[in-house]
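K.L.:
3D model of this:
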Amino acid sequence: MGTGLVGVIVVLAVAGAIVAVAVRRRRGGKEPVAPEVPVPTVEVVALGISGAGKTVFLAGLFHELHVPIDDRPYFLRTEAADRVRLSGVLRQVSDARQPWPAGTAVAQTRKYTFDCMARAMDEWVPVLRVRYLDYAGEVLEEALGDDGAALRELESEVDRADAVLGMLDGRQILRYLVGDPGGTAYLVAAIQPMIGMMVAGRSPIYLVLTKWDIVRGFGEPADADDNARLELVRHALFALPQLQGLVDVRNIVRLIPVSAVGPDFARFDPESGRIDKRQDGRFRPQHVEVPLAAVVPDLLKRFQQAFDRDAGASVNSQLRRVMRLSPGEWGGAVAEVLTKPASAALGAVIGRPFSTELVTFAMEWLSKPYRDKGEQVAAFRTEAQRRLAAVADARAVVVEHFQKTMYVFEAKLPASRL
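P.N.:
Predicted coordinates for the structure are as follows:
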């Protein structure tokens with residue numbers, strides 16, 4: 001769709017907003033009936049060759065977030081079968097007497113659905129949904145005799161994803177850092193199919209550095225903290241043209257170190273290359289919640305940037321003066337109109353297809369400065385309308401907590417932002 005037509009759509013939307021605002025002011029601020037809005041769903045695909053720790057990471061993530069703890073205003077809920085499956089992985093990982101879990105086989109590729117539950121009107125309700133595809137690593141490593149069907153299916157999933165997690169095996173990264181040829185082969189050859197898929201996709205990319213607890217002893221200063229170590233790892237990784245090229249083609253790329261077991265649970269034997277569990281180890285996952293916390297704020301940021309750049313430039317500034325709203329309130333008024341059936345207009349502005357639920361969620365977030373005046377919520381007279389408003393507010397609280405998580409993480413590890 002050309003920018004001219006986009007401009008027409010947005011100007012019409014603004015005109016609608018002006019009419020709506022004027023009518024509301026003349027009628028004492030009465031708002032239209034709130035629409036029914038399904039739970040917005042975010043599609044996440046995890047890529048990584050066998051042994052990268054994708055499933056163990058997911059089990060650690062669910063372990064951390066399956067109940068509300070401290071000031072976290074949400075928890076993750078999944079169906080009973082998946083809860084039992086992830087608990088089984090976690091039980092094997094956390095038991096020092098058991099071996100590490102085997103890699104995911106092609107037949108075990110699974111899509112997990114997690115509901116993000118938050119409090120609204122004295123009950124826990126789903127405010128966001130995450131579909132997480134845990135793909136078998138061997139699909140990226142060898143021909144499977146299926147005429148490429150599994151690879152084509154994976155490429156299609158990556159193309160539709162709202163976020164892609166590229167799992168980098170911390171053990172292989174450590175081998176690369178100490179000059180082991182096997183580590184070099186991992187980075188320059190083994191993960192290249194994964195890198196190629198991520199380059200071809202359209203979503204933000206999160207390079208998740210697993211097994212962060214063992215990535216040490218590669219020549220860093222004795223007093224190096226986590227950020228200093230990450231800075232050195234980052235410099236070494238992005239000296240490789242293929243990885244640097246990945247950063248160059250995306251406006252959002254993060255390098256997130258995680259440990260599904262924590263810094264005091266396992267030890268790496270450089271002679272054998274084995275990672276052994278410590279009998280006296282303390283199981284304490286580290287940063288496993290960060291990739292999820294990053295995805296939603298980054299997605300909303302993309303909507304905001306596209307809206308400001310393309311939609312905002314198409315609207316006559318005189319209209320804003322007529323409305324006598326601040327820039328934030330003006331954007332919110334337009335966003336409010338676009339949450340109605342005209343939501344397809346935003347998809348045109350963004351330049352890629354998104355689900356109606358996700359577009360509506362983005363517009364709900366962009367309209368927050370406008371809704372915060374209280375006019376809309378105050379006009380909700382029915383129980384159903386008040387419930388919708390309460391769910392929207394609960395969703396906003398969760399997003400704000402995601403943002404807080406990322407502020408704290410980036411303050412501690414600024415080298416994670418590429």
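K.L.:
what about dumping the CA coordinates of stretch 197-206 to CSV?
P.N.:
What follows is stretch 197-206, C-alpha atoms only, in CSV (Å, rounded to 0.1, in the frame of the first residue of the first chain):
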residue,chain,number,x,y,z
MET,A,197,16.5,-17.8,8.8
MET,A,198,16.7,-14.9,11.3
VAL,A,199,18.0,-12.5,8.6
ALA,A,200,15.2,-13.4,6.3
GLY,A,201,12.5,-12.9,8.9
ARG,A,202,10.9,-9.6,9.8
SER,A,203,10.7,-9.7,13.6
PRO,A,204,13.0,-8.5,16.4
ILE,A,205,15.8,-10.9,17.2
TYR,A,206,17.0,-12.0,20.6
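K.L.:
Report the buried residues of that stretch.
P.N.:
Using 16 or more other C-beta atoms under 10 Å as the test for burial, stretch 197-206 gives 197, 198, 201, 203, 204, 205, 206. Where C-beta positions appear, they are placed from N, C-alpha and C, glycine not excepted.
K.L.:
Cross these against strands and list the overlap.
P.N.:
By the criterion of DSSP state E, membership of the buried residues of stretch 197-206 in strands covers 205, 206.
K.L.:
Point out the least confident member of the buried residues of stretch 197-206, please.
P.N.:
Among these, residue 201 has the lowest pLDDT, at 78.
K.L.:
So for that one, what's the nearest residue that isn't a sequence neighbour?
P.N.:
Using C-beta to C-beta, 6 or more residues apart in numbering and skipping the chain neighbours, the partner closest in space to residue 201 is residue 158 (4.6 Å).
K.L.:
State the pLDDT value of the one you found.
P.N.:
87.
K.L.:
Can you verify my assumption that it contacts residue 45?
P.N.:
Yes - Residue 158 lies in contact with residue 45 (C-beta atoms under 8 Å); the separation is 5.4 Å.
K.L.:
what touches both of those two?
P.N.:
Shared contacts of residue 158 and residue 45 (C-beta atoms under 8 Å, 6 or more residues apart in numbering): residue 164.
K.L.:
who has more neighbours, these two?
P.N.:
Looking at residue 158 and residue 45 with other C-beta atoms under 10 Å, you find the greater number of neighbours at residue 45, namely 25 against 21.
K.L.:
Next up, the contacts around that one.
P.N.:
Here residue 45 is in contact with 132, 133, 135, 154, 157, 158, 161, 163, 164, 165 (C-beta under 8 Å, 6+ apart).
K.L.:
among those, which are in helices?
P.N.:
Within those, residues falling in helices by DSSP state H are 154, 157, 158.
K.L.:
Could you dump these into JSON lines with distance to residue 99 added?
P.N.:
As requested, those are arranged in JSON lines below (distance: C-beta to C-beta, whole Å):
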{"residue": "154", "distance to residue 99": "28"}
{"residue": "157", "distance to residue 99": "30"}
{"residue": "158", "distance to residue 99": "31"}
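K.L.:
Between those residues, which sits nearest residue 302?
P.N.:
residue 158 (16.8 Å; C-beta to C-beta).
K.L.:
what sits against the closest one?
P.N.:
Counted by C-beta under 8 Å, 6+ apart, residue 158 has contacts 45, 47, 164, 197, 198, 200, 201, 203.
K.L.:
so how far is residue 94 from it?
P.N.:
31 Å (C-beta to C-beta, to the nearest Å).
K.L.:
cool, residue 109 as well?
P.N.:
For residue 109, the distance to residue 94 - C-beta to C-beta - is 24 Å.
K.L.:
Using the three-state scheme, assign the closest residue in space to residue 161 that isn't next to it in sequence.
P.N.:
What sits nearest to residue 161 in space, not counting adjacent residues and going by C-beta to C-beta, 6+ apart, is residue 45, at 4.4 Å. At residue 45, secondary structure determined by DSSP: H, G, I helix; E, B strand; the rest coil is strand.
K.L.:
Residue 68 too?
P.N.:
coil.
K.L.:
Just confirm residue 254 contacts residue 418, I think it does.
P.N.:
Yes - counting by C-beta under 8 Å, residue 254 touches residue 418, with 6.4 Å between them.
K.L.:
Of those two, which one has the most company?
P.N.:
Taking other C-beta under 10 Å, residue 254 and residue 418 do not tie; residue 254 has more neighbours (22 against 16).
K.L.:
which ones are touching the more buried one?
P.N.:
Residue 254 touches 204, 205, 206, 207, 294, 416, 417, 418, counting by C-beta under 8 Å, 6+ apart.
K.L.:
so what's the second one up against?
P.N.:
If you count contacts by C-beta under 8 Å, 6+ apart, residue 205 has them with 163, 164, 166, 198, 246, 250, 252, 253, 254.
K.L.:
Which single one of those is nearest to residue 126?
P.N.:
residue 163 (19.0 Å).
K.L.:
Contact partners for the residue nearest to that closest one when sequence neighbours are not counted?
P.N.:
Excluding the flanking residues, the one nearest residue 163 by C-beta to C-beta, 6+ apart is residue 295, at 4.4 Å. Contact partners of residue 295, counting by C-beta under 8 Å, 6+ apart, are 42, 44, 130, 162, 163, 204, 206.
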